[in-house]
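Visitor: take a look and give me a structure for this.
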Amino acid sequence: ESRILLSDGAMGTTLQELGYTSCPDFLNLNKDDLKTISGIHLKYLHAGSEIIQTNTFGSNPIKLQSCGLAASFEQANINAVNAVKEAINNYRSQTGSNREIFIAGNLGPLGKLLEPYGNLKFEDAVDAFSKQARILIDSGVDLILIETMIDLKEALAAVEAVRKVSDA
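Guide: Got it, this is the predicted structure:
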């Protein structure tokens, strides 16, 4: 409709301010770190955000492989969605608010260049984004946010992937 929605801010910058310097998606795999992630989401909710992005900017299988986390790909995405859900539940119990809040599954760059500038084939990019988008959708996100891609072909691969695995 014509309503303007407010989204949260940059997770990576917030984590850096808190002293986290490693792969932000690694935080999705540790119970204590997930509490930190959920706490950041909660602060954005208290600030008025109506769209909360999952901490999955780099949680695609290609990027996680470069961080040594390829085996944890599925769990990193599921946990990130659950961290947002926990923040929403905490917000509602703290405020009594029932305002509509949307969960945005965040798809960021793969960390490799697509052909002809790099070695990654377009089909492999679509496959990687499809796997991540499928997990995010199955975990209950309301929308997919594709962001911060310097290559239009990579952004198009992400769009194609989302269309391939979603009903929208």
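
Visitor: kindly provide the distance from S22 to D33.
Guide: Look at S22 and D33: by C-beta to C-beta, to the nearest Å, they are 10 Å apart. Backbone N, C-alpha and C define where each C-beta goes, glycine included.

Visitor: any stretches of this protein with poor pLDDT?
Guide: Applying pLDDT under 70 to the chain picks out residues 1, 168.

Visitor: the lengthiest helix in it: what's the following helix or strand?
Guide: In the chain, assigned by DSSP state H, the helix with the most residues is helix 73-95. Scanning forward in sequence from helix 73-95 by DSSP states H and E, the next helix or strand is strand 102-107.

Visitor: all helices for this structure, in order.
Guide: For the chain, the helices defined by DSSP H cover 11-17, 31-46, 61-66, 73-95, 122-138, 152-165.

Visitor: Throw the ones you listed into JSON lines and include mean neighbour count, thanks.
Guide: JSON lines is the format used below for those (neighbours: other C-beta atoms under 10 Å):
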{"stretch": "helix 11-17", "mean neighbour count": "15"}
{"stretch": "helix 31-46", "mean neighbour count": "18"}
{"stretch": "helix 61-66", "mean neighbour count": "19"}
{"stretch": "helix 73-95", "mean neighbour count": "19"}
{"stretch": "helix 122-138", "mean neighbour count": "20"}
{"stretch": "helix 152-165", "mean neighbour count": "18"}
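
Visitor: out of those, nearest to L114?
Guide: Minimum separation from L114 across those (C-beta to C-beta) falls at helix 152-165, 5.0 Å.

Visitor: show me what the closest one is packed up against.
Guide: Judged by 3 or more C-beta pairs under 8 Å, 6 or more residues apart in numbering; DSSP states H and E, helix 152-165 is in contact with helix 122-138, strand 143-146.

Visitor: so how far is the last one from its chain's centroid?
Guide: This means strand 143-146. Put simply, strand 143-146 sits 8 Å off its chain's centre (C-alpha atoms, centre = their mean, to the nearest Å).

Visitor: same check on stretch 129-146?
Guide: How far stretch 129-146 lies from its chain's middle: 8 Å, per C-alpha atoms, centre = their mean.

Visitor: just the CA trace of that stretch, in CSV.
Guide: Provided in CSV are the C-alpha atoms of stretch 129-146 (Å, rounded to 0.1, in the frame of the first residue of the first chain):
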residue,chain,number,x,y,z
PHE,A,129,21.4,-17.5,-3.8
SER,A,130,18.6,-20.0,-4.3
LYS,A,131,19.8,-22.2,-1.5
GLN,A,132,20.0,-19.3,0.9
ALA,A,133,16.7,-17.7,-0.1
ARG,A,134,15.0,-21.1,0.2
ILE,A,135,16.2,-21.5,3.8
LEU,A,136,15.2,-17.9,4.7
ILE,A,137,11.8,-18.3,3.2
ASP,A,138,11.2,-21.7,4.9
SER,A,139,12.3,-20.1,8.2
GLY,A,140,9.6,-17.5,7.9
VAL,A,141,10.9,-14.2,6.5
ASP,A,142,8.3,-11.9,5.0
LEU,A,143,10.5,-10.5,2.3
ILE,A,144,14.0,-10.8,0.8
LEU,A,145,16.3,-7.8,0.7
ILE,A,146,19.1,-7.9,-1.9
